[in-house]
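K.L.:
Generate a structure from the sequence data that follows.
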Amino acid sequence: MNDVIQIVKTSLQGRDFDTVNGRLVCSMQQVADAPSALRRFVDFGGEGWLCVTTHQDILRFGPSQPLALSSDGAAWPLCGEAARGAVSLHLQRGATGWELTTIERLPAEGPDDVIVKGVMKARDGRGDLHYETAWRPVDVAGLVEMRPGAFRFVGSQSAKPEKEA
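P.N.:
Got it, this is the predicted structure:
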């Protein structure tokens, strides 16, 4: 195990996670109108979640249950995340439109490229959300610290129904 992974593991002691060597590369596109942003998000496919103005609940989707929204322009996307293999798409409403950020997991270029895999409970209580966070060394007043540099949604796991007593 390399030194950087050991440093990250020590700093996150007591938390449930896995570490691997790798890096995340991000690119962002600005989209001015809601129908275009929503179309690009839906066309990406994969698995994920989406919040839109026409639905009170978070919409979840996956390969066996694709996102089905009308193209009449009534649904304005607020935010969402989707994952398809090593690539994820993050959608959020910005000041002048929508931001679509593509995040791709790539092999490490050096020993400092570390990804931490983590799990969070979904806000709606319907399971777990899986994420990857890329850590990178940052010079802080002459000292090198490992800090999170990017993250991506990688999928979800539905909550198991509780057994009746």
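K.L.:
Toward the C-terminus, what is the element adjacent to the helix or strand of the chain with the lowest mean pLDDT?
P.N.:
Every helix and strand of the chain was ranked by mean pLDDT, DSSP states H and E. The lowest is helix 3-11, at a mean of 62. Downstream of helix 3-11, the next assigned helix or strand under DSSP states H and E is strand 18-21.
K.L.:
For this structure, which segments are assigned as helices?
P.N.:
Ranges of helices within the chain are 3-11, 34-44, based on DSSP state H.
K.L.:
Compute the first-to-last residue distance for stretch 44-63.
P.N.:
11 Å (CA to CA, to the nearest Å).
K.L.:
buried ones in that stretch?
P.N.:
44-52, 59-62 (16 or more other CB atoms under 10 Å). In short, each C-beta sits where N, CA and C put it, glycine included.
K.L.:
Inside strands: which ones of the residues you listed?
P.N.:
47-52, 59-61 (DSSP state E).
K.L.:
Show me where the protein dips below the pLDDT cut-off.
P.N.:
Residue ranges of the chain with pLDDT under 70: 1-17, 70-72, 159-165.
K.L.:
Okay, strands next: where are they in it?
P.N.:
Under DSSP E, the chain gives strands at 18-21, 23-31, 47-52, 59-61, 77-84, 87-94, 97-106, 114-121, 127-140, 143-158.
K.L.:
tell me the contacts of residue 58?
P.N.:
49-51, 122-124 (CB atoms under 8 Å, 6 or more residues apart in numbering).
K.L.:
So residue 53 versus residue 134, what's the distance?
P.N.:
From residue 53 over to residue 134 the distance is 32 Å, taken as CB to CB, to the nearest Å.
K.L.:
that older thread, could I get the strands of the chain as TSV with distance to residue 40?
P.N.:
Below are the strands of the chain laid out as TSV (distance: least, CB to CB, whole Å):
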stretch	distance to residue 40
strand 18-21	29
strand 23-31	7
strand 47-52	12
strand 59-61	15
strand 77-84	10
strand 87-94	8
strand 97-106	6
strand 114-121	25
strand 127-140	22
strand 143-158	16
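K.L.:
Residues in a beta bridge with residue 151, which ones?
P.N.:
residue 133 (DSSP bridges).
K.L.:
how many neighbours does it have?
P.N.:
Residues near residue 151, counting by other CB atoms under 10 Å, number 19.
K.L.:
That one against residue 129, yeah?
P.N.:
No: contact criterion CB atoms under 8 Å: residue 151 and residue 129 do not qualify, at 11.2 Å.
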